[in-house]
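Engineer: the following block contains a protein sequence and its predicted model.
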Amino acid sequence: MADQAKTPVVAEAHLVDTFHPPQKMLDKHPSKPHISSLEEYQQLYKESITEPEKYWARKARELLTWTRDFETVRTGSLANGDVAWFLEGQLNASYNLVDRHAFKDPNKVAIIYEADEPNEGRNLTYGELLREVSKVAHVLKKMGVRKGDTVAIYLPMIPEAIIAFLAITRIGAVHSVVFAGFSADSLRDRVLDAQSKVVITSDEGKRGGKLIGTKKIVDDALKQCPDVSSVLVFKRTGADIPWTPGRDLWWHEEVEKWPSYIAPEVMNSEDPLFLLYTSGSTGKPKGVMHTTAGYLLGAAMTGKYVFDIHDGDRYFCGGDVGWITGHTYVVYAPLLLGVSTVVFEGTPAYPNFSRYWEIIEKHKVTQFYVAPTALRLLKRAGDDFVKAHMPELRVLGSVGEPIAAEVWKWYFEVVGKEEAQIVDTYWQTETGSNVITPLAGVTPTKPGSASLPFFGIEPAIIDPVSGEEIHGNDVEGVLAFKQPWPSMARTVWGAHKRYMDTYLNVYKGYYFTGDGAGRDHEGFYWIRGRVDDVVNVSGHRLSTAEIEAALIEHHAVAEAAVVGVADELTGQAVNAFVAIKDGNESSDALRKEFILQVRKSIGPFAAPKAVYIVPDLPKTRSGKIMRRILRKILAGEEDQLGDTTTLSDPSIVDKIIKTVHESR
Ligand code: ATP
Ligand code: MG
């Protein structure tokens, strides 16, 4: 056994290299990063923490256009769960995303639509976007949608999804987007929970060369949603679809009836902007509610400083608009800043694994942002697919899960050719925008660390046993935030007590993230994954993310998931599930190699007691590994798997159960 006292608390920090913003990235920069140095960041950061009202008032006036100025910058507290920002202020989201840019330059491209089939896409300018949004806003009004009503969006990744977002916000309604990969039951639950009376959808979807019966799924869901009075259907493929006269209306027929301008509704800063259900990796999805001004400011701020967005940039976030990443970084951040955003309908594997890189080449993309799950897939496919010429690329973002150092390095070297900066952005549906993240062009980075807090974010590491904050560096615990920030969620829809109990009552006076984290000797943050995902072996608190990262270093490993199981001797033992790359055979020898890999890279105490080689891991539709399912299977509680409707491939569960049984 390794002597715990000799193991540095934040082990990897002492071993990894620090990467400075690449000189080549600065050389090809159209001007220079918005922030000139790490020192300038530190100085501004300090101001944002010690004088938050002064700092945020300045930024809110600089980045947003207000119909009426605010007077009270911030009220309320984390302890009381009544935080509010920019009171008395009035503004409209769609005005800030569209009108102000359309007035300045109507011909500037707002949306670069890259269709599922290469070469079937098109561009939409800011001028066109304003006209389309206005028409749909008229249609929604006609359907009876009023200020404050929720409207459900169940659309594939097409420009109309963005038009729908903006039309809803234009009339002061609240969008509730449901990822169009969800089943009818999941859609039904969200429509009912949000009390939506109108649903916007398409006849079909097209993804990776396959057709998806979108409208049919909506019809199935709505059988149990008696309050839905209208369904607006965009014709994507022209397929024959079921139709309910009186309820269903064609998008293209309705928009023809209305003029191309409608004045935006004047909204108060704290009026709800949208609801979004979390991915459900830990339990029943929560309807997270964001409000207008604070959320918009968080999106604009992080777009500008984290991704260093400049006027002529073309920004490509590969996330789906059904998730928070798609909300904030496909729609809000790039359009608030008036640049072009890529809306990609397809998958990174169609027609082949070069698709992302070809899109980047074709549209001269400057910033690219995607989840580690996609990067693992593409790394697994092999470097030969990364042939595209991507000279404009300056920033490569990662989001949604810890990114293993091996994958980070592949992203940096093979994709970015060491000419683009990696930003590993940590945040949540509830935080609205990036909260712990490097700033491109400014912050030095360490593979696997989300680095430093964004402006206004004051992280605290808390000892989960005593509930006390642990000060100083080189510490490990759970991650919380000490101050409210503008883009934090204000409530869970219709369940404020759940909001308080999940985030604000756990450690009074703090916002609790639910994630474990370490702060290393230089103050850099290392996200360990959810608190439930920590394994405790003989008193060593091991992060599943760290063991998984070690496993991925093995050449045969495509993906790995680690969980703890009860063990008489050690309290908990490490068990690993591994999906291997094509061309490798499952064998005892291979399993031994995997165990050895962890012993070598972390220490014998972290070595898995069992390794299961499985065809794939259980993942949510947003690509996150659902470890709670693996824990249940190992505990023999296969009949108590809980909500599995958010799994992308439910059939994988039975295959994993079989593997576990066979090896016992
Ligand atoms: P649910 O709350 O329903 O379980 P979820 O937490 O997966 O779903 P999201 O809000 O989409 O839903 O994800 C936020 C979580 O994703 C974070 O709490 C964290 O665990 C993880 N995460 C996001 N970005 C990073 C990152 N850069 N590094 C490590 N983990 C990350
Ligand atoms: Mg969560």
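Structural biologist: All right, it came through fine. All values derive from a computational prediction rather than experimental measurement. Ligands and ions are numbered 1, 2, ... in the order given.
Engineer: right, and Arg621 touches Leu647 too?
Structural biologist: Yes. With contact taken as CB atoms under 8 Å, Arg621 and Leu647 are classed as touching, separated by 7.5 Å. Bear in mind the C-beta positions are built from the backbone N, C-alpha and C, glycine included.
Engineer: how near is Thr291 to Phe165?
Structural biologist: In this structure, Thr291 and Phe165 are 16 Å apart, going by CB to CB, to the nearest Å.
Engineer: ignore what I typed, I meant Met289.
Structural biologist: Here the distance between Met289 and Phe165 works out to 16 Å (CB to CB).
Engineer: compare these two (neighbour count), which wins?
Structural biologist: Per other CB atoms under 10 Å, whichever of Met289 and Phe165 has more neighbours is Phe165, with 29 against 25.
Engineer: checking that one next. Helix, strand or coil?
Structural biologist: Of the three states, Phe165 takes helix under DSSP: H, G, I helix; E, B strand; the rest coil.
Engineer: what sits against it?
Structural biologist: By CB atoms under 8 Å, 6 or more residues apart in numbering, Phe165 lies in contact with Ile153, His175, Val177, Val321, His327, Val331.
Engineer: next one: Ala635
Structural biologist: Under the criterion of CB under 8 Å, 6+ apart, the contact list for Ala635 reads Val565, Ala566.
Engineer: equivalent analysis for His101, please.
Structural biologist: Going by CB under 8 Å, 6+ apart, the list of residues near His101 reads Lys108, Ala110, Tyr126, Leu335, Gly338.
Engineer: from Thr125, how far off is it?
Structural biologist: Note on His101: its distance to Thr125, by CB to CB, is 10 Å.
Engineer: who touches both of these two?
Structural biologist: A shared contact of His101 and Thr125, defined by CB under 8 Å, 6+ apart, is any residue touching both; here these are Lys108, Ala110.
Engineer: for the lowest-mean-pLDDT helix or strand in the chain, name the packing helices and strands.
Structural biologist: Lowest by mean pLDDT, DSSP states H and E among the helices and strands of the chain is strand 540-543, with a mean of 77. Helices and strands in packing contact with strand 540-543 are listed as strand 534-537; criterion 3 or more CB pairs under 8 Å, 6 or more residues apart in numbering; DSSP states H and E.
Engineer: mean confidence for the strand it packs on?
Structural biologist: In this model, strand 534-537 carries a mean pLDDT of 82.
Engineer: the helix ranked longest in the chain: which residues count as buried?
Structural biologist: The residue-count maximum for a helix in the chain (DSSP state H) belongs to helix 126-142. Within helix 126-142, the residues that qualify as buried are 126-141, counting by 16 or more other CB atoms under 10 Å.
Engineer: using CSV, write out every CA atom in stretch 423-443.
Structural biologist: This file holds the C-alpha atoms of stretch 423-443, laid out as CSV (Å, rounded to 0.1, in the frame of the first residue of the first chain):
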residue,chain,number,x,y,z
VAL,A,423,-10.0,25.7,-22.9
ASP,A,424,-11.4,23.0,-20.5
THR,A,425,-14.5,24.8,-19.4
TYR,A,426,-16.2,23.6,-16.2
TRP,A,427,-19.9,24.7,-15.7
GLN,A,428,-23.4,23.3,-15.3
THR,A,429,-26.9,23.9,-16.6
GLU,A,430,-27.5,25.7,-13.3
THR,A,431,-24.5,28.0,-13.6
GLY,A,432,-25.7,29.2,-17.1
SER,A,433,-22.2,29.9,-18.4
ASN,A,434,-18.6,28.8,-17.8
VAL,A,435,-17.5,29.2,-14.2
ILE,A,436,-14.1,27.6,-13.9
THR,A,437,-12.1,27.9,-17.1
PRO,A,438,-9.0,29.3,-18.8
LEU,A,439,-9.4,32.5,-20.9
ALA,A,440,-8.0,31.9,-24.4
GLY,A,441,-4.8,33.8,-25.0
VAL,A,442,-4.4,34.5,-21.3
THR,A,443,-4.5,31.6,-18.9
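Engineer: quickly check: that stretch near ligand 1 or not.
Structural biologist: Yes. When contact is scored as CB under 6 Å from any ligand atom, part of stretch 423-443 falls within range of ligand 1: Asp424, Thr425, Tyr426, Trp427, Gln428, Thr429.
Engineer: so who does the fifth one touch?
Structural biologist: Counting by CB under 8 Å, 6+ apart, Gln428 makes contact with Thr278, Ile324, Val435, Thr513.
Engineer: which one of those residues is nearest ligand 1?
Structural biologist: Nearest to ligand 1 among the contacts of Gln428: Thr278, at 3.2 Å, using CB to the nearest ligand atom.
Engineer: quick check, the residue in the stretch 301-450 of the chain closest to ligand 1?
Structural biologist: Distances from the stretch 301-450 of the chain to ligand 1, computed as CB to the nearest ligand atom, single out Thr429 as the nearest residue at 3.4 Å.
Engineer: ok, that residue - how many residues close by?
Structural biologist: By the criterion of other CB under 10 Å, Thr429 has 20 neighbours.
Engineer: was I right about it contacting Ile324?
Structural biologist: Yes. Contact status for Thr429 versus Ile324: in contact at 4.2 Å, counting by CB under 8 Å.
Engineer: okay, and the common contacts of the two?
Structural biologist: When CB under 8 Å, 6+ apart defines a contact, the residues bordering Thr429 and Ile324 alike are Leu276.
Engineer: can I get the residues of stretch 423-443 next to ligand 1 in a markdown table including secondary structure, distance to Val660 and pLDDT?
Structural biologist: A markdown table is the format used below for the residues of stretch 423-443 next to ligand 1 (DSSP: H, G, I helix; E, B strand; the rest coil; distance: CB to CB, whole Å; pLDDT from 0 to 100):
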| residue | secondary structure | distance to Val660 | pLDDT |
| --- | --- | --- | --- |
| Asp424 | strand | 32 | 98 |
| Thr425 | strand | 35 | 98 |
| Tyr426 | strand | 32 | 98 |
| Trp427 | coil | 34 | 98 |
| Gln428 | coil | 31 | 97 |
| Thr429 | helix | 31 | 96 |
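Engineer: flag every residue of the stretch 551-664 of the chain that's near ligand 1.
Structural biologist: Applying the criterion CB under 6 Å from any ligand atom, the portion of the stretch 551-664 of the chain that neighbours ligand 1 consists of Lys624.
Engineer: now the helices for the stretch 551-664 of the chain?
Structural biologist: Using DSSP state H, counting those that start in this stretch, the helices of the stretch 551-664 of the chain run over residues 588-601, 627-634, 652-662.
Engineer: how about the stretch 1-150 of the chain?
Structural biologist: Using DSSP H, counting those that start in this stretch, the helices of the stretch 1-150 of the chain run over residues 23-27, 38-50, 52-63, 93-94, 100-104, 126-142.
Engineer: quick one: the ones you listed as CSV, columns for mean pLDDT and distance to ligand 1 too.
Structural biologist: Written out in CSV, the entries for those read as follows (pLDDT from 0 to 100; distance: least, CB to the nearest ligand atom, whole Å):
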stretch, mean pLDDT, distance to ligand 1
helix 23-27, 97, 20
helix 38-50, 98, 19
helix 52-63, 98, 23
helix 93-94, 98, 21
helix 100-104, 98, 28
helix 126-142, 98, 27
